[in-house]
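>>> A predicted structure for the sequence below; I have some questions about it.
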Amino acid sequence: MKEYLNIALPKGRLGEKVYDLFEKSGFGCPSIREPGRKLVFENENNRVRYFWVKPSDVPIYVERGAADLGVAGKDILLEYEPEVYELLDLGLGKCRLAVAGKKGARLRSDRTLRVATKFSHVARTYYGALGRDIDVIHLNGSIELAPILGLSDVILDIVETGTTLKENDLEVREEVAPVSARLIANKASFAFKKQETDALLAALTKNLEASK
Ligand code: PRP
């Protein structure tokens, strides 16, 4: 009997696109399309079980083995550095991590740079590599407000279309890293459920190649 693959999907728009790809690849689970507040769905026929998880929590479920596999943005993987295998770039949810500041503002290099961000670890790593001293101001959302109100000099945040920056008179100063959704695996599950995982990987890869 084939083992169930337990898969943590990021709740929200990205998760829906990711699920579409899994479905097209033969790993569908029709009950997931039914409206409601349920969080766990399984398909006995193809032995998959999906969970809707808060996007930033996906690595925790996978690292601790509550899920065998999961899909997380590279931004989240860079921030939490979970002990998981990164198996595949799904090419979805493409955006970038960037440093932005007020349009035209001159940044003083003689002072500790104040950086507002949800990505504190990424900020420390990025500026650490540049040998630059920073004061990290950890925020949980609406990061763009920080430089406008003088709470920080710059922000390090996700930029997708650039609209949020533009509408708030901010501009990109430095590119930090490209971001896209990645398939990640629990290390033990990857060994114990190798056959099932390989089948999923092959189907996803084939589908991604075909849509290129
Ligand atoms: C994200 C990010 C930016 C925005 C970028 O915010 O933090 O604010 O999207 O997208 P854009 O370049 O297409 O404008 P999110 O919507 O996740 O909300 P948040 O403020 O709670 O982080």
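Noted; the coordinates are in hand. Numbers count the residues shown, from 1 in each chain.
>>> how about the residue most central in space within the chain, phi and psi?
By C-alpha atoms, centre = their mean, the chain has its centre lying nearest to residue 73, at 1.7 Å. For residue 73, the backbone dihedrals (degrees, to the nearest 10) come out as phi -70, psi 150.
>>> for this protein, what lies in contact range of the ligand?
Proximity of the chain to the ligand, by C-beta under 6 Å from any ligand atom, involves residues 141, 142, 143, 144, 157, 158, 159, 160, 161, 162, 163, 164. Backbone N, C-alpha and C define where each C-beta goes, glycine included.
>>> the helices in this structure, which residues?
Assigned by DSSP state H, the helices in the chain fall at 13-22, 58-63, 74-80, 120-130, 145-148, 163-167, 187-192, 194-210.
>>> mean neighbour count added to those, as a markdown table?
Formatted as a markdown table, the helices of the chain follow (neighbours: other C-beta atoms under 10 Å):
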| stretch | mean neighbour count |
| --- | --- |
| helix 13-22 | 18 |
| helix 58-63 | 24 |
| helix 74-80 | 20 |
| helix 120-130 | 16 |
| helix 145-148 | 18 |
| helix 163-167 | 13 |
| helix 187-192 | 14 |
| helix 194-210 | 15 |
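>>> with mean pLDDT as added columns, please give the ones you listed in TSV.
Converted to TSV, the helices of the chain look like this (pLDDT from 0 to 100):
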stretch	mean pLDDT
helix 13-22	96
helix 58-63	98
helix 74-80	98
helix 120-130	97
helix 145-148	97
helix 163-167	97
helix 187-192	97
helix 194-210	96
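>>> to residue 180, which of these lies closest?
Nearest to residue 180 among those is helix 74-80; the distance by C-beta to C-beta comes to 5.9 Å.
>>> buried sites along stretch 1-15?
Neighbour-count burial for stretch 1-15, with 16 or more other C-beta atoms under 10 Å as criterion, is recorded at 4, 5, 6, 7, 8, 9, 10, 11, 14, 15.
>>> list the contacts of that stretch.
18-19, 22, 27, 42, 47-55, 57-58, 61-62, 66-73, 92-93, 181, 189, 192-193, 195-197, 200 (C-beta atoms under 8 Å, 6 or more residues apart in numbering).
>>> can you rerun that using 6 Å?
Residues outside stretch 1-15 that contact it (C-beta atoms under 6 Å, 6 or more residues apart in numbering) are 18-19, 47-53, 55, 58, 61, 67-71, 93, 193, 196.
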